[in-house]
Structure formats: structure tokens, C-alpha cells
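Participant: A structural model of the following input is requested.
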Amino acid sequence: MVQFVVWGAGGRGKAAAVIFGADRIIAFIDSNPEKAGQLFFGRPVINFDSYKKQYSEYAILVSLASEEAVTVILKKEKIPYFSYNDCPPELMGYGWKTAKKYVNTFHIPEKKTAIYGDSLYSVLVYEHLINSGRKCIGMVCSGNAGIQGPEWLKRLFPFITVKKLEEVGEDIQILQSVSDGACGSALCGRRTRNIYDWRPFVPDYQNPRIASLKESGKGKRCFIVATGPSLTFADLEKLRQNHEFCISVNSIFSCFKETEWRPDQYVAVDVDVINHYNNQIREMDVRQKFIPDASIDFDYGSLTDEFCVYHSVFNRDAIEQGLISDDFSKYAYNSGTVTAVSLQLAMYEGFEKIYLLGCDCSYFETGLKHFNEPEEMQIKEYGVEDSAMEMLNYHINSYRRIKDYAARKGIEIYNATRGGYLEAFERVAFDDLFNR
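Facilitator: Numbering: from 1, shown residues only. So this is what the prediction gives:
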């Protein structure tokens, strides 16, 4: 049985234990010294030095969403690892509760196949084929940055036969087990089947209630109200007085005691948001609430009628390429920011002019995040991560891609935020948008 060590004894480490099975996990690595020596899902939590001394024969699965700080260390020390971000989103929890009932219906009719990819998912598919008596002639490495070439795979998993693509006959069906971005053009002209993208196998991802909203905003404008430090209660009051259609996000409910304004729609994208703010999201007075199918803990079955669950696609391609959904009723791409997901929703609903408000993009520079929290609380609670600038670049790229996509659709997007660092969209003065 394929076994590995998971780096990260947190939410995504928990997802790995639940989805893959704790029996596959030898130990968890965590940099928090308070966790060292404890058990997590019955497995020891260790530090990196202990891994190198006691567990180095096992590959590491880096479970952190922002993995750069860890992968830099592993690359420097030439330690092979898998990135959780290279697995299908379902295996990270995104859509898992919906998709798991279809797993046993996935069928590969060919008796002889090869696998293209070198993610943990690739290895587990290879193992499954062998255990089920199927003929897998080999695995073709896709150049994953973590697993450092064929020799590492052979050492870690002796049961795998590693082949070059040219060694796989034209009559062999190749199972694509990594994203399109990881494949590039390598498989062009080959007989392939994509087993990375589970969406075609899970019809329940489509939400008919969301589909009914398509083009509902045609000919209208809307405001996407983020929670950046530039937002003011006066802004919210102006939106209320002018009966503007508003989409807002995350912890916006924390200001409701101080304003009569309410958004028409609420959007969350982060797993921690819906888990941590479960009660507040359920209780807030908002007509429609859009939450992702991203949590393995959230009780989706008890949701009331105002909730619309959308399929969230979170993977490396979504983040690095800023992918955009053409059909929000079936899926939305999570590129790391809730504003980008809200823009995908607004465009799907057909709004022809979209204004961003409170979208400062300043957290990476200042550590300030929310307009109605004390400054000292925000800096203490959120801090600024080492990988912040890289993530900011991904966010900016996502906004630029959205701008180009919107232009092709005849949709105008403007930034009505006062100040901040987001320059991907044309600036407009918020107060000038209303009749005086």
C-alpha cells in the first residue's frame, strides 16, 4: 500500500487523512512546536529534523495551500515531495462530498493503459490498476517540480515502471492524471483519457437554482463590495439609499449591527470562512448566499432555501493561470480571492457594468484587511506571509484575465475603491456614480 508523510497538521492535512485514509499516512510534519509529539488522526506529529532522521524513506505530501515556503526547503535539500495542489480538486475536499458517491462508477474499459503524470494521484491510480488486475504498462513523468525525476519514483515506489512517452505505443490509451497545464502539448495526437478532471463524471455539480439566475442582471449594473480598509459606512448607506444591487463577501456580516444596508447576494470561497463563520453565515439576512462545496466538515444537508452551493475548482492551473468559468452553475474557478469568484458570478448573471468597492489589495503591503476592525487586531491576527508577493502577483494576473474576458463579453468592470493597489481595472470615483 502506498504510504507517505503529510506536511501540515491542519485543515488540509485533515482532508488528506479523511479522503486518502489515515492508514496511508505515516506521520504529519508541522512547524508549530506546540503540535510536536501529539497525535493527529492517530499519527505522530513531528518536525522536519525528525522526518530526515526517521522517515526519509517516505515521500512527503505538502498539504499547504501556500506551499512555497516549504517547497523551497525541500528543493534545496533535494527531498522528493508531492504537492496536494497537483491532485484533482476533489481529493483536496473541493466537491468531495458530492463526488465520492460517483467514485465507484468511474470505469476504465481498456485493459492495457499507461499513466501520464507524477502526482500522488498518479501513483494511487497506478496502484489501483495493479491491485484490480489491470495492465498498466508504465508511468510517464510530466516534469512535476516536486518528484525529482524517474529515479526518485523508482526508489520510492519500486512497483512502478517508469517510461518515456516515446516508449508508449500508439495503440495504448494514456490516462492523463494531471491538469492540462501540467501536460502542455505533450499529449497532442495521442490516444488519451482525462481522469484528472472529474467534472464530466459528477452531474450533481450543476446547480439548477444558479442556472436560473443566468442573464438575470442583463442591462443592469451591480457593485461587488469587498471588506478592504477603505470601505466606509457612508459608502454602504449610499448604496442602500440608491437601491443598488450588491454582492458582498466573507465577514461583511460583522458590520450589520451598525448599518441598515444589506447585500443582495453573499459569496464565500474559503473553506475556513464557511467552517469558522458557519452560524453567522446561516443567520445573516441576505437573500441569496453562494458558498463553495469545498469543505469536508460543513453540513450542506441542513442548508435553507437562500443557499446556493457552487462547485469550486481549486488547483494550480486556476491559481497560476487565473482561469474563468463560462458556467457558474456548474463550477467556478478559485484563483485565491473571493472577489474573482464574485466577478465570475456577476458576469454569469449578465450584469453589464460591475463596480468594485473596498477592493484595496493592500493587505500584502500593510497587513490591514477589514474596514471595521481595529488596526492592531488585524496586524496581530493576519500578519504578512513570506509568500505574499507571489500570491499578489497571481491575484493581479487573475484580475487582468477577468478584465480581458469581460471585454470580449461586452461587460465593463471599474474599480470604485478609494486608493488601494488594484490597478487592473479603470478607476472611477464612487461618489460620481450617483445623481447628486
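
Participant: got the contact list for the one helix or strand Asn397 maps to?
Facilitator: For Asn397, the host element (DSSP states H and E) is helix 388-408. Helix 388-408 is contacted by residues 66, 68, 319-324, 335-337, 339-340, 343-344, 347, 354, 361, 363-364, 385, 412-413, 422, 424-425 when judged by CB atoms under 8 Å, 6 or more residues apart in numbering. (C-beta placed from N, C-alpha, C; glycine too.)

Participant: what segments of the stretch 201-350 of the chain are strands?
Facilitator: Taking DSSP state E, counting those that start in this stretch, the strands of the stretch 201-350 of the chain run over residues 221-225, 246-249, 265-267, 288-292, 307-310, 312-313, 332-333.

Participant: nearest to Gly143, out of those?
Facilitator: strand 312-313 (22.4 Å; CB to CB).

Participant: packing partners for the closest one?
Facilitator: strand 332-333 (3 or more CB pairs under 8 Å, 6 or more residues apart in numbering; DSSP states H and E).

Participant: mean confidence for the strand it packs on?
Facilitator: Strand 332-333 shows a mean pLDDT of 98.

Participant: contacting residues around that strand?
Facilitator: Contact with strand 332-333 is made by 269, 292, 310-313, 318, 322-325, 340-341, 344-345, as judged by CB under 8 Å, 6+ apart.

Participant: quick revisit: dump the next helix or strand after the helix holding Asn397 to CSV, restricted to CA.
Facilitator: Sequence-wise, the next helix or strand downstream of helix 388-408 (DSSP H and E) is strand 412-415. C-alpha atoms of strand 412-415 as CSV (Å, rounded to 0.1, in the frame of the first residue of the first chain):
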residue,chain,number,x,y,z
GLU,A,412,-17.4,46.8,-18.2
ILE,A,413,-15.6,46.5,-14.9
TYR,A,414,-14.5,49.5,-12.9
ASN,A,415,-12.6,50.0,-9.7
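
Participant: packing partners of the next helix or strand along the chain from strand 412-415?
Facilitator: The helix or strand immediately downstream of strand 412-415 is strand 426-427, counting by DSSP H and E. Packing contacts for strand 426-427, counted by 3+ CB pairs under 8 Å, 6+ apart, involve strand 412-415.

Participant: list the contacts of the strand it packs on.
Facilitator: For strand 412-415, using CB under 8 Å, 6+ apart, the contacting residues are 343, 352-356, 359, 402-403, 406, 422-428.

Participant: thinking again about what came up before, select, out of the strands of the stretch 201-350 of the chain, the one closest to Ser177.
Facilitator: Among those, strand 312-313 comes nearest to Ser177, with 16.5 Å by CB to CB.

Participant: which residues sit against that closest one?
Facilitator: Strand 312-313 is contacted from outside by 89, 94-95, 199, 269, 292-294, 323, 325, 331-334, 341, using CB under 8 Å, 6+ apart.

Participant: what mean pLDDT does it have?
Facilitator: Strand 312-313 carries an average pLDDT of 96.

Participant: distance of the residue lying closest to Ala186 once chain neighbours are set aside from Gly143?
Facilitator: Excluding its sequence neighbours, the residue lying closest to Ala186 (CB to CB, 6 or more residues apart in numbering) is Leu165, at 6.5 Å. To Gly143, Leu165 is 11 Å away according to CB to CB, to the nearest Å.

Participant: could you do Pro263 as well?
Facilitator: For Pro263, the distance to Gly143 - CB to CB - is 44 Å.

Participant: more neighbours, those two?
Facilitator: Neighbours were counted for Pro263 and for Gly143 using other CB atoms under 10 Å; Pro263 has more, 26 against 13.

Participant: in space, what's closest to the more buried one - neighbours in sequence excluded?
Facilitator: In space, not counting the residues next to it along the chain, Pro263 is nearest to Ser248; the distance is 3.7 Å by CB to CB, 6+ apart.

Participant: ok, that neighbour - contacts?
Facilitator: By CB under 8 Å, 6+ apart, the contact set of Ser248 is Ile224, Val225, Ala226, Thr227, Pro263, Gln265, Tyr266, Val267.

Participant: likewise Ser342?
Facilitator: So Ser342 contacts Ile224, Ile247, Val249, Val267 (CB under 8 Å, 6+ apart).

Participant: now the helices for the stretch 101-250 of the chain?
Facilitator: Per DSSP state H, counting those that start in this stretch, the stretch 101-250 of the chain carries helices over the ranges 120-131, 150-156, 180-183, 208-211, 233-241.

Participant: other SSEs contacting the longest one?
Facilitator: Read that as helix 120-131. With 3+ CB pairs under 8 Å, 6+ apart as the test, helix 120-131 has strand 112-116, strand 135-140 packed against it.

Participant: in the longest one, what counts as buried?
Facilitator: If I follow you right, that is strand 135-140. For strand 135-140, burial by neighbour count (16 or more other CB atoms under 10 Å) applies to Cys136, Gly138, Met139, Val140.

Participant: show me what it is packed up against.
Facilitator: With contacts taken as 3+ CB pairs under 8 Å, 6+ apart, strand 135-140 sits against strand 112-116, helix 120-131, strand 162-163.

Participant: tell me the most buried of these?
Facilitator: strand 112-116 (a mean of 23; mean count of other CB atoms under 10 Å).

Participant: now it: how far from the chain's centre is it?
Facilitator: Chain-centre distance of strand 112-116: 28 Å, with CA atoms, centre = their mean, to the nearest Å.

Participant: looking at this, His370 is in a helix?
Facilitator: No. According to DSSP: H, G, I helix; E, B strand; the rest coil, His370 belongs to no helix; its state is coil.

Participant: now it: closest residue in space that isn't a chain neighbour?
Facilitator: Leaving aside its sequence neighbours, His370 sits nearest to Thr227 (CB to CB, 6+ apart; 5.0 Å).

Participant: hang on, that neighbour packs against Asn250?
Facilitator: Yes. At 5.9 Å, Thr227 counts as touching Asn250 under the criterion of CB atoms under 8 Å.

Participant: distance of the residue nearest to Pro263 relative to Gly228?
Facilitator: Using CB to CB, Ser248 is found at 12 Å from Gly228.
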